[in-house]
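**Student:** One predicted model, sequence on top.
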Protein chains: 2
Amino acid sequence: MLFLKVKLFDLDIGVNAVVINEEDLKGTPYYPQDRVLVETPAGSFVGVLHSTKTLVNKGEIGIFREITKEIPIKDGDEAIIRHAETPLSVAYIRKKMDGQTLKPEEIHTIIDEMVTGKLSNIENTAFVTSLYINGMDMKEIEEMTRRMAETGDMIDWDESLVVDVHSIGGVPGNKTALLVVPIVAAAGLTIPKTSSRAITSAAGTADVVEVLTRVDLSLDEIKQVVTTTNGCMVWGGAIDLAPADDITINIERPLSIDPEPLLLSSVMAKKIAAGIKYLVIDIPTGEGAKVKTIDEAASLARKFIELGGRVNVHIECAITYGGQPIGRAIGPALEAREALIALENYKEAPSSLIEKAVSLAGVLLEIGGVAPPKKGKDVAEEILTSGKALEKMHEIITAQGGEPKSSDEIEIGEYKAEIIAPIDGYVTQISNKLITKVAKEAGAPKDKKAGVLLNVKIGNEVEKGDLLYTIYSSSEERLNSAVKLARRTYPIKVEGMLLKRISKF
Amino acid sequence: MLFLKVKLFDLDIGVNAVVINEEDLKGTPYYPQDRVLVETPAGSFVGVLHSTKTLVNKGEIGIFREITKEIPIKDGDEAIIRHAETPLSVAYIRKKMDGQTLKPEEIHTIIDEMVTGKLSNIENTAFVTSLYINGMDMKEIEEMTRRMAETGDMIDWDESLVVDVHSIGGVPGNKTALLVVPIVAAAGLTIPKTSSRAITSAAGTADVVEVLTRVDLSLDEIKQVVTTTNGCMVWGGAIDLAPADDITINIERPLSIDPEPLLLSSVMAKKIAAGIKYLVIDIPTGEGAKVKTIDEAASLARKFIELGGRVNVHIECAITYGGQPIGRAIGPALEAREALIALENYKEAPSSLIEKAVSLAGVLLEIGGVAPPKKGKDVAEEILTSGKALEKMHEIITAQGGEPKSSDEIEIGEYKAEIIAPIDGYVTQISNKLITKVAKEAGAPKDKKAGVLLNVKIGNEVEKGDLLYTIYSSSEERLNSAVKLARRTYPIKVEGMLLKRISKF
């Protein structure tokens, strides 16, 4: 056991690292890379030990900012260091690596230890990777979902008609929620929309909304906003909804994977925690989307519906066309602008965006009983075209702490490059993956003003030299890098109509 | 691009982290968790960006000690920060996660990027986990092996009869190399033994040898020692032999896994790099060993022999009994002492250790032509019992910078606890895994004086209250923890002879 004084470091190192002077470690049973239990008056946590000659003095323990989010440790606190045992989860993760089915209590232990920071990045990654490869059965997914929800905040609403829409993603430019939420809220239903930042995409809904208003609202603030406006559009990561998800997302992102058990459980856990009772799940389907075929989409829909039944959330799934980007804008600011254009004057917005938004909103209006059966889409359209949705959007933006702007006030990256058609022909393909890569290379989603604005969609006829799309960035360096990538990979394919010529003899 | 001054941190954080003041990052395209290329006069590396308010000042970049092992960056050096592209390996790792076969150049890229620190822990872990689950074919393993060898130092020996023995491990107490090396070196063959520290065991050969002498020799020092004595027993990690292995081992260890493609390639890459031409591979087999059955052992042996043929190393495999610990001592100091006892007076050493050591040494003596066919074991035994092996051991210890001690001078942990038989009966099982866990809980391998000393082996008859084994530790806390574990898990099973009684009616 060691007795040390806390020295807090302001460093976002992303691990439960603790730092002790080499001299203090001499002759102790504590060695670098060991797990140690750190007990302070503010609480205890398991850290990974690192040694230093200079960063902290003898008698001090260095603790990184990260941990203080959960445990309010202060400079100068007394800390007691003990040996921590190997987490039980390691054996259970091995079981999953070996292709076995996990018991409920084993899943609970993994989620609990993950959320309390007892697992290292290595252990978490091994778990996520083995879920990607070996999967889980529905009982395992149900257990994981419930535990993910229970290990964070749970919101209770007085209303029973709490609805939400969730897209499983995979299609660039999907700013649909920015239309659905104000339409549905304007119709009088409660829609407390929490969304994530980009996982593998160039812009998550939270990234897009953040261009217009604050998204990092506290639980109390969210309740306040929803009570006033019926809706909200906030970043789920700012509150403690199903926090295991934040950990697994950080592993999925660099690997560009989204294992089905985590896809199902992370959506449902967040919705359970957010108190959602009726949920429409949008499954974009098509070449280059997360889901390739209608059969696959139907299979995933059935799994969502089965999982919903097990955890008491009424689910409808909408299989939507995801073979090319939704609308024309990809990247936070570009998408926010396009959504505003749609709310301001729907005739100027891409029809794919309008069509998708009113369809999804329509389903919710029917479920909520504020539109007659089969009339949901018409009612949604009326709310959009009448300007009520824009008014509601401004209300929500204001309630969340922002100041409503018009679409032409949204700033876009100052550096831009135009990509033109290399030949006469037709647009035969717009690759979701490659367009996303280009937008990300330009800096999206972190550079909010970066992205891609399409000038064409699949099927359009173009002449050599016509503009295909514009890349935007706040950084000349990133823009060049994105252009290089675009030139190498051809995200948009233009081909002559005569794809193959067969000669007679 | 950013221009900053280096501030070195003396902290063993284990990642290529770089730290920049928040102020410097504002308005740049660089965000926390981004990969950035850091160019300094001393060389470049890809780091993971972290932001800080206080740890470094504006204009400074914090770089951790770790990286200076490879790039001699100094305090105050100018550093230029650029955006680094996503490593190509990520797509190839995904291919392996999807169960596909990797092309040679894809494997080369993964190994190259791993060794040059371009991959994060997450990516490395995903690779290791997917190798554990999805495996590799022999062509992939060959490519990985060659590349692992080429990406580090390669030793060339003037002699052509360079031999070595390697145990794939998994059996506690396997200090055989400490007998084989001096026997074979005393017979005039060249045996430059490099070994690793414990991966999942309570003591690797390097941990055990380190009790007796220095093991972190440089390449030049190793050549010097081998030229003088014909042999050495050094830690491979101190030189740059197949450095990818050090990275994968750090992932395998916390997960307690050893995927076959990495098992095969890491052994062979290190041997190729060490210039070994003839290799005996010891495959301990039995309940609780890494390899459970003779069939499995034979299959692994064939793979080693096939891989050896592909990379020009002559291999013989020895399938040995691994169903219980070798000898009686488990833990660095306890094992070093037992090996010395065997060299000093083989009659006082456990026969399982002597038998195994002279058998393996015998094969090498025959291959090397210093013993007639089928007489290798006899010659090895003669070298051991005559004291020539002990003399050679002292030579090697001295040459490596140590001072020869007698077995009774080896210090063992001051805290000890005795575990006794709970009933009269026979020892029916000694669990390799559980005994290892107890030794590790007591502090081994990092606490060199910690471990377990068996007083019984399988088949021994014991009376209630007889000593089964003693646990040693340098720490009372760790000892208590180990005793608790031992009491809970029963690593040694004692049962009455009457295992089942069937009554007549």
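**Tutor:** Okay, I see it. Numbers count the residues shown, from 1 in each chain, chains lettered A, B, ... in the order given.

**Student:** how near is A:Lys270 to B:Asn345?
**Tutor:** A:Lys270 is 68 Å from B:Asn345, where distance means CB to CB, to the nearest Å. Every C-beta, even on glycine, is put in place using the N, C-alpha and C of the backbone.

**Student:** higher neighbour count, the two?
**Tutor:** A:Lys270 (23 against 13; other CB atoms under 10 Å in any protein chain shown).

**Student:** dump the residue contacts of that one.
**Tutor:** Listed by CB atoms under 8 Å, 6 or more residues apart in numbering or on different chains, the contact set of A:Lys270 reads A:149, A:194, A:236, A:241-242, A:245.

**Student:** Find the helix or strand that A:Val267 is a member of.
**Tutor:** helix A:260-273 (DSSP states H and E).

**Student:** Quick one: name whatever helix or strand follows that helix.
**Tutor:** strand A:278-285.

**Student:** what angle do the helix or strand just after that next one and strand A:278-285 make?
**Tutor:** Heading C-terminal from strand A:278-285, the first helix or strand you meet, by DSSP H and E, is helix A:294-311. Interaxial angle, helix A:294-311 versus strand A:278-285 (axes from the mean of the first three to the mean of the last three CA atoms, to 10 degrees): 160 degrees.

**Student:** May I see the buried residues of the next helix-or-strand element following helix A:294-311?
**Tutor:** Using DSSP H and E, the helix or strand that directly follows helix A:294-311 along the chain is strand A:314-321. By neighbour count with 16 or more other CB atoms under 10 Å in any protein chain shown, strand A:314-321 contains the buried residues A:315-320.

**Student:** Can you verify A:Ala336 is assigned to a helix?
**Tutor:** Yes - the assignment for A:Ala336 is a helix, going by DSSP: H, G, I helix; E, B strand; the rest coil.

**Student:** got a list of what the residue nearest in space to the middle of chain A touches?
**Tutor:** Central residue of chain A (CA atoms, centre = their mean): A:Ser196, 3.2 Å from the mean position. Contacts for A:Ser196 (CB under 8 Å, 6+ apart) come out as A:204-206, A:235-237, A:245, A:249.

**Student:** redo that, cut-off 6 Å
**Tutor:** By CB atoms under 6 Å, 6 or more residues apart in numbering or on different chains, the contact set of A:Ser196 is A:204, A:206, A:236.

**Student:** Not counting its neighbours along the chain, what's nearest the second one?
**Tutor:** The shortest distance from A:Ala206 to any residue other than its chain neighbours is 3.8 Å, reached at A:Trp235 (CB to CB, 6 or more residues apart in numbering or on different chains).

**Student:** and chain A, which of its residues are near chain B?
**Tutor:** Counting by CB under 6 Å from any CB of the partner chain, chain A comes close to chain B at A:9-13, A:19, A:29, A:31-32, A:50-55, A:97, A:121-122, A:125-126, A:129, A:132-133, A:251, A:254-255, A:443, A:446-447, A:475, A:478.

**Student:** Among the residues you listed, which lie within strands?
**Tutor:** A:9, A:19, A:50-52 (DSSP state E).

**Student:** And the furthest pair within the residues you listed?
**Tutor:** Spatial extent of those (CB to CB) is set by the pair A:Phe9 and A:Ser51 at 15.0 Å.

**Student:** Closest to chain B out of the contacts of A:Lys270?
**Tutor:** For those, the residue nearest chain B by CB to the nearest CB is A:Asp245; the value is 16.1 Å.

**Student:** and the angle for the helix or strand hosting the closest one with helix A:260-273?
**Tutor:** For A:Asp245, the element it lies in under DSSP H and E is helix A:244-255. Counting by the same axes, to 10 degrees, helix A:244-255 lies at 140 degrees to helix A:260-273.

**Student:** Could you give the average pLDDT over helix A:244-255?
**Tutor:** Helix A:244-255 carries an average pLDDT of 86.

**Student:** what do you get for stretch A:92-105?
**Tutor:** Mean pLDDT, stretch A:92-105: 97.

**Student:** same check, this time on stretch A:124-134
**Tutor:** The pLDDT scores in stretch A:124-134 average 97.

**Student:** again with stretch A:32-40
**Tutor:** The model assigns stretch A:32-40 a mean pLDDT of 83.

**Student:** contacting residues around stretch A:296-310?
**Tutor:** A:138, A:142, A:264, A:268, A:281, A:283, A:285, A:291, A:315, A:317, A:319.

**Student:** Now for those: which two are most distant?
**Tutor:** Largest separation among the contacts of stretch A:296-310 by CB to CB: A:Glu142 and A:Thr285, giving 24.7 Å.

**Student:** count of residues packed around the closest residue to chain B within the stretch 401-505 of chain A?
**Tutor:** Chain B sits closest to A:Ser475 of the stretch 401-505 of chain A, with a gap of 3.8 Å, by CB to the nearest CB. By the criterion of other CB under 10 Å, A:Ser475 has 23 neighbours.

**Student:** on that earlier part again, specify the beta-bridge partners of the residue nearest to A:Ala206.
**Tutor:** A:Ser195 (DSSP bridges).

**Student:** for A:Thr320, same thing?
**Tutor:** Here A:Thr320, judged by DSSP bridges, has bridge partners A:Pro284.

**Student:** again with the one 10 residues further on
**Tutor:** Using DSSP bridges, the bridge partners assigned to A:Ile330 are A:Val452.

**Student:** export stretch A:279-298 as CSV, just CAs?
**Tutor:** Presented in CSV, the C-alpha positions along stretch A:279-298 are these (Å, rounded to 0.1, in the frame of the first residue of the first chain):
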residue,chain,number,x,y,z
LEU,A,279,-39.4,4.5,-32.3
VAL,A,280,-39.1,4.6,-36.1
ILE,A,281,-35.9,3.1,-37.2
ASP,A,282,-34.6,4.2,-40.6
ILE,A,283,-32.6,1.5,-42.4
PRO,A,284,-30.9,3.0,-45.4
THR,A,285,-30.4,0.2,-47.9
GLY,A,286,-28.4,0.0,-51.1
GLU,A,287,-25.0,-0.4,-52.7
GLY,A,288,-22.5,1.4,-50.5
ALA,A,289,-24.9,1.8,-47.5
LYS,A,290,-24.4,-0.1,-44.3
VAL,A,291,-27.1,-2.5,-45.4
LYS,A,292,-26.8,-3.7,-49.0
THR,A,293,-30.0,-5.5,-49.9
ILE,A,294,-33.7,-5.4,-49.0
ASP,A,295,-33.4,-8.9,-47.5
GLU,A,296,-30.6,-7.9,-45.2
ALA,A,297,-32.6,-4.8,-44.2
ALA,A,298,-35.6,-6.9,-43.5
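
**Student:** Which of the residues in it are classified as buried?
**Tutor:** By 16+ other CB under 10 Å, the buried positions in stretch A:279-298 come out as A:279-286, A:288-291, A:297.

**Student:** Tabulate those residues (TSV), appending distance to B:Leu178 and pLDDT.
**Tutor:** Formatted as TSV, the buried residues of stretch A:279-298 follow (distance: CB to CB, whole Å; pLDDT from 0 to 100):
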residue	distance to B:Leu178	pLDDT
A:Leu279	65	95
A:Val280	68	94
A:Ile281	63	94
A:Asp282	65	93
A:Ile283	62	93
A:Pro284	63	91
A:Thr285	63	91
A:Gly286	64	88
A:Gly288	59	83
A:Ala289	60	86
A:Lys290	56	86
A:Val291	58	90
A:Ala297	62	92
